[in-house]
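Participant: any chance you can model this:
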Amino acid sequence: MSISFIVFSLIFFGGCNVGTTKNTEINYGYSNKFSENEIKSAIDTVRRNFKYFIGCDLRKLWYDEIISNSEIENYLLYGNGSENGSKKENVIILLSDFYVDSTGGDGSFEPNSIYENWMWILIRKENTTNWELDDWGL
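Facilitator: From the prediction side, this is the model:
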């Protein structure tokens, strides 16, 4: 990695208002499919990645098994799951609400708005590996 890239990154990203999660309301929900630790791990993965949502504040993050199972079917039939070979027992979908500040985040969000029921699709290779964020959106 070049020194100029590192300097550019520090200057460019240093002044940015990274996505915040410190006051996020978390709900692990109820599951017959995943343990609380598996859900917690998925939630932690989303929270770590939310910092890239510049100018956004993650207000709520939760797991709802009924919605997750329904959306997993769509993901496996029509989304990345139809191409990457994911198995339904290794896919989890979380939901969230987040606020976007006056900057509009990275420019792709409506400024001063709240996005509700935003989905986070996480996958893993098998039940002993870590969750990876695969996709997100409404």
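
Participant: how many residues are close by Tyr115?
Facilitator: Tyr115 has 18 neighbours, counted by other Cβ atoms under 10 Å. Just so you know, the C-beta spots here come from the backbone N, C-alpha and C atoms, and that holds for glycine as well.

Participant: so who does the closest residue to it other than its chain neighbours touch?
Facilitator: Spatial nearest neighbour of Tyr115, chain neighbours left out: Phe98 (5.5 Å); criterion: Cβ to Cβ, 6 or more residues apart in numbering. Contact analysis of Phe98 by Cβ atoms under 8 Å, 6 or more residues apart in numbering lists 19, 50, 53, 56-59, 114-115, 118.

Participant: tell me the strands beside the helix or strand encompassing Phe98, with direction?
Facilitator: In this structure, Phe98 is located in strand 91-100 according to DSSP states H and E. Using DSSP bridges, the strands paired with strand 91-100 are strand 56-63 (antiparallel), strand 113-123 (antiparallel).

Participant: what sits up against the first one?
Facilitator: Outside strand 56-63, the residues within contact range by Cβ under 8 Å, 6+ apart are 19-21, 23-29, 31, 34, 39, 42-43, 46-47, 50, 92, 94-101, 105, 109, 114.
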